[in-house]
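S.K.: structure for the following, please:
(chains A, B, C, D, E and F)
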Amino acid sequence: MAIVKVLFVVQRPPYKSENPRLALTHALASQTAEIYMDDGDAVVPIVVFVGDGVLNVVKDQPAMKLYGVTSTESHIKSSLLIDMPIWVCKEDMQRLGLKEDQMILDSVEMGGELTTKFVSFAEIQKEMEASQHLLFF
Amino acid sequence: MAIVKVLFVVQRPPYKSENPRLALTHALASQTAEIYMDDGDAVVPIVVFVGDGVLNVVKDQPAMKLYGVTSTESHIKSSLLIDMPIWVCKEDMQRLGLKEDQMILDSVEMGGELTTKFVSFAEIQKEMEASQHLLFF
Amino acid sequence: MAELTFGVFSSLVGSMSLDFSFRLADAAVAKGHKVNIWLSGNAVMMAKKGQKPFKDYSYNEKRMKELIAKGAEVTVCEACAEARGYHKEDTHDGVKRASMDWYLAKTVKTDRLLHIGGE
Amino acid sequence: MAELTFGVFSSLVGSMSLDFSFRLADAAVAKGHKVNIWLSGNAVMMAKKGQKPFKDYSYNEKRMKELIAKGAEVTVCEACAEARGYHKEDTHDGVKRASMDWYLAKTVKTDRLLHIGGE
Amino acid sequence: MKVAVFLSDWRRSEDTFERMKADKMGVILVGNGIYHAVTKENGKDSPVLSKAGAQFYVLSDDLEIRGYTAANVNSKVKMVSYGDIVDLIMKDYDKTAWL
Amino acid sequence: MKVAVFLSDWRRSEDTFERMKADKMGVILVGNGIYHAVTKENGKDSPVLSKAGAQFYVLSDDLEIRGYTAANVNSKVKMVSYGDIVDLIMKDYDKTAWL
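M.R.: Modelled structure (predicted):
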């Protein structure tokens, strides 16, 4: 029986590459991984956005309207909806001039309760240490 | 009847991406483009290496031995063999600490006569102006 | 009416460079220009038949077919395609396969060339 | 003997990340480790049958098959494959297709995970 | 020369842009290049916008998909559509450079 | 934590490497990351090599394919094979980070 903490770290901006999206879809897949695991085993994911990766969390991304694709925003909201933690580095937001009211804060409209957590890099560092595996995107 | 100068500009280092290789293979293809062109039309390519792109021209790349692929070196030599100009930016070599004797200079062993030309960015700028189309890789 | 040729290189499914190219091509055709598109490197992925339209990916197949119907020439690099296991029968109807000299030859007559070389 | 799991994402034909992964996997198997490889994003290109071995491209098919024969598990992301038009019948023998939860489940028992997320 | 330069990255890995000279230069920000138009890193404009003599354009679709609007765009930069870019390429400049 | 960090780029687009701390860090230079081991840009060592307390390794195959040899490698950096990297990952460090 093992509970494994897995940290997904998104470091790069959205849409140019598939990477931020793959981070979120893989993290979401931890919810259905049971079928491949022994009883009592579980994967506990956190998705953190650091560096230019925080640009993924800017709200109001009309990706479906403009390009016919799911937005990174909607993947973030789906994550919050199933209570998967979404962390965003405060120092990077400040560096890039982003205020909290520009960011995706919750998925209330979908019925979600969890909110985005704005954290310092020191907290992310702590989580890196606590996690068994690090997945950088 | 038109003679069109086309400038291929390689700006990034080798092997990580297919790009430098594609620059050379496309430039080489100008030799066989006649079948699609009118009589008297011709494409005249020059391949220049600037910025970190000059790292492509460092000699002795045992790509076939190590990874089973054609080296960027062998494509550069093939280009020289058919008298296609290969230019390398001197300022970038200096910045990256590269000396001429570290570089691919000719394709004498294949019977080629043309040699690599080490030029200033000012000369590359002049060629950009003289070329009808610019292809950056 | 002028002629605009695109060279799209190393573009990925999941990136938006192919989307950009096809949308710009669309806008060019709408303004009466003749458009040619060369797909090389990883951009040959575009011409693979049977791509399932997921909402997570942009789906340019419909736009590409409409462009071809409006007279745009779309040609994929034959060697780049074969190296990835895409054979003639995998290619969309209307998309041509040719060697790289097709693209070079286009540089002679085209009024503008937009060569998208990055990833 | 320990277990090492690779996640290879967004790797391209023409880049060397796939080469790196398969060679490192080879070295791990030679040292008696159990190896799992997850191919996702554009790395699913690896599992397409019928790739023509050109000298301009590294050709990892042989190495992949040998790894599988030696007990390595190689699994491709099913959705990523379908989105690119690679169907079940296009997949190499011995390569599995699964959804992303396969990879997540591997994180529980594997001793080390090497997640290659860049391009 | 009159050149339409396309920048599609935020963290650029080339310096050709800084070195290239033109009689007339249009800088068209697309993809992740749009961040040069909307982001003031550490309170400063992107160095891209200090290119002397250049005109700056940003593709509105690529701006909006990333959650930004006209209100965020630097006053040096003009918002354009795909159609506008076609006209820039075909009418205002005689060659293109996707860096 | 004891972490094996992989760098595969020469022009990097992240700064996680500079910010990340570890009790023990091994920096494994692969792909275009090898240029950090052999290039002195403007006469200076790559800033990567100034990461405090880290051990540095470079994959010999990736170095040699780019035309460099042991003679070019910075004295701070040890040349390793694929087999050596397996041992580093499995024995010397308890997690990996491909940045």
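S.K.: mind checking the SS state of A:I76?
M.R.: The three-state label given to A:I76 by DSSP: H, G, I helix; E, B strand; the rest coil is helix.
S.K.: per-residue confidence at it?
M.R.: pLDDT, A:I76: 98.
S.K.: list the contacts of the residue in chain E that chain B sits nearest to.
M.R.: Residue nearest to chain B within chain E: E:E14 (4.2 Å; C-beta to the nearest C-beta). For the C-beta atoms, the positions are set from N, CA and C on the backbone; glycine is no exception. For E:E14, the contact set (C-beta atoms under 8 Å, 6 or more residues apart in numbering or on different chains) comprises B:11-12, B:51-52, B:136, E:99.
S.K.: how about E:G43?
M.R.: Remark: with contacts taken as C-beta under 8 Å, 6+ apart, E:G43 is in contact with A:G97.
S.K.: now swap in A:E34 and tell me
M.R.: A:41-42, D:101, D:105.
S.K.: which strands and helices lie in contact with the top helix by length along chain C?
M.R.: Longest helix in chain C, counting residues (DSSP state H): helix C:17-30. Helix C:17-30 sits against strand C:3-9, strand C:34-40, helix C:61-69, strand C:112-116, helix E:82-87, with contacts defined as 3 or more C-beta pairs under 8 Å, 6 or more residues apart in numbering or on different chains; DSSP states H and E.
S.K.: not counting sequence-adjacent ones, nearest residue to the residue of chain C at minimum distance from chain A?
M.R.: Going by C-beta to the nearest C-beta, chain A is nearest to C:G14 of chain C, at 2.7 Å. Nearest in space to C:G14, with sequence neighbours left out and distances taken as C-beta to C-beta, 6 or more residues apart in numbering or on different chains, is A:E18 at 2.7 Å.
S.K.: what's the burial count for A:T115?
M.R.: The local packing of A:T115 (other C-beta atoms under 10 Å in any protein chain shown) involves 14 other residues.
S.K.: just list whatever residues bridge to the residue positioned nearest the centre of chain A.
M.R.: With the centre of chain A defined as its mean C-alpha position, the nearest residue by C-alpha atoms, centre = their mean is A:V47, 3.5 Å away. When assigned by DSSP bridges, A:V47 has beta-bridge partners A:F8, A:I86.
S.K.: now do the contacts for the residue in chain A that chain E sits nearest to.
M.R.: Using C-beta to the nearest C-beta, A:V58 is the residue of chain A that sits closest to chain E, at 3.5 Å. If a contact means C-beta under 8 Å, 6+ apart, then A:V58 has A:98, A:102-104, E:66-68 as its contacts.
S.K.: list the buried residues in stretch C:80-87.
M.R.: Buried positions in stretch C:80-87, judged by neighbour count with 16 or more other C-beta atoms under 10 Å in any protein chain shown: C:80-86.
S.K.: what pLDDT does C:E119 get?
M.R.: Reported pLDDT at C:E119 in the predicted model: 68.
S.K.: need the per-residue pLDDT for the residue of chain E closest to chain B.
M.R.: The pLDDT attached to E:E14 in the predicted structure is 94.
S.K.: nearest spatial neighbour of the residue in chain E positioned nearest to chain C, skipping sequence neighbours?
M.R.: Proximity to chain C, evaluated over chain E using C-beta to the nearest C-beta, is greatest for E:Y82 at 3.9 Å. Once its chain neighbours are removed from consideration, E:Y82 has its nearest residue in C:A27; the separation is 3.9 Å (C-beta to C-beta, 6+ apart).
S.K.: pretty sure the one you found is touching E:L88, no?
M.R.: No - between C:A27 and E:L88 there is no contact under C-beta atoms under 8 Å: 11.2 Å.
S.K.: quick one: contacts of stretch C:43-51?
M.R.: Under C-beta under 8 Å, 6+ apart, the answer for stretch C:43-51 is C:8-13, C:17-18, C:39, C:59-61, C:64, C:74, C:76-77, C:80-81, C:84, C:86, C:90-92, C:95, D:45, D:82-85, D:87.
S.K.: so which of those residues are in strands?
M.R.: Filtering those for membership in strands, criterion DSSP state E, returns C:8-9, C:39, C:74, C:76-77.
S.K.: what's the closest of those residues to F:I34?
M.R.: Nearest to F:I34, judged by C-beta to C-beta, of the ones in strands among the contacts of stretch C:43-51 is C:F9 at 24.3 Å.
S.K.: C:Y59: what's it in contact with?
M.R.: C:Y59 makes contacts with A:68, C:51, C:53, as judged by C-beta under 8 Å, 6+ apart.
S.K.: list only buried entries from those residues.
M.R.: Buried residues within the contacts of C:Y59, defined by neighbour count using 16+ other C-beta under 10 Å: A:68, C:51.
S.K.: as TSV, the contacts of C:Y59 with secondary structure and pLDDT would be great.
M.R.: TSV is the format used below for the contacts of C:Y59 (DSSP: H, G, I helix; E, B strand; the rest coil; pLDDT from 0 to 100):
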residue	secondary structure	pLDDT
A:G68	coil	90
C:Q51	coil	86
C:P53	coil	82
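S.K.: returning to that earlier point: near chain C, from the contacts of E:E14?
M.R.: B:136, E:99 (C-beta under 8 Å from any C-beta of the partner chain).
S.K.: next step: the contacts of E:E14 restricted to strands.
M.R.: The members of the contacts of E:E14 that map onto strands under DSSP E are B:F136.
S.K.: understood, closing this out.
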